[in-house]
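> Here's my sequence, what's the structure:
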Amino acid sequence: GCVTKKMFGPLLLLKITGTICPCLEKDEDNIARESCTSLESLPIRWYIKSHKTAGQSAGAMVGGLVSGLFGKGNKSSGAAGSEYIRINATFHLLDSA
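Residues are numbered from 1 along each chain as shown. Now for the predicted structure:
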């Protein structure tokens, strides 16, 4: 009971209970455990805005135009002076033991 809750976090308790004795698992605990499992190591892609100086922006626009003419395309947002940088990350759940 109380000692177990102090030794293990709630996520680990969900995993242990669901794995060792699923017959004692409540419906809401089962849903929570399955949700945690599906979210673990979920790939996430997010974008941050990068501001450039005027000289860099003009060069990027010319470079984008030239690469666009030759079929390479430009991934900038289209706004002068800014573009978005893609950051790949992985979602992890942390237990509060």
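> switch to C-alpha atoms for all contacts and neighbour counts from now on
Fine.
> Ranking helices and strands of this structure by mean pLDDT, which lands last?
Ranking every helix and strand in the chain by mean pLDDT, DSSP states H and E puts helix 54-69 at the bottom, with a mean of 50.
> which helices and strands does the helix or strand following that helix pack with?
Read in the C-terminal direction, the helix or strand following helix 54-69 is strand 82-91, with elements assigned using DSSP states H and E. When contacts are defined as 3 or more Cα pairs under 8 Å, 6 or more residues apart in numbering; DSSP states H and E, strand 82-91 sits against strand 42-51.
> any weak-confidence spans in the chain?
Applying pLDDT under 70 to the chain picks out residues 1-6, 52-82, 97.
> please redo it, this time with the cut-off set to 80
Applying pLDDT under 80 to the chain flags residues 1-6, 51-82, 97.
> Could you check how far the nearest residue to Trp46 once chain neighbours are set aside is from Lys26?
Ranked by Cα to Cα, 6 or more residues apart in numbering and with sequence neighbours excluded, the top spatial neighbour of Trp46 is Ile87, at 5.4 Å. Summarising the geometry, the distance separating Ile87 from Lys26, computed by Cα to Cα, to the nearest Å, is 38 Å.
> Ok, Ala32 next?
Taking Cα to Cα as the measure, Ala32 falls 10 Å from Lys26.
> circling back: run a quick neighbour tally on the residue nearest to Trp46.
The burial count assigned to Ile87 is 10, neighbours taken as other Cα atoms under 10 Å.
> quick one: contacts for it?
Counting by Cα atoms under 8 Å, 6 or more residues apart in numbering, Ile87 makes contact with 45-48.
> ok, 10 Å please
Neighbour list for Ile87: 44-48 [criterion: Cα atoms under 10 Å, 6 or more residues apart in numbering].
> Go through those and name the one nearest Gly18.
When the contacts of Ile87 are compared for distance to Gly18 (Cα to Cα), Ile44 comes out closest, at 27.0 Å.
> Contact partners for the closest one?
Here Ile44 is in contact with 87-91 (Cα under 10 Å, 6+ apart).
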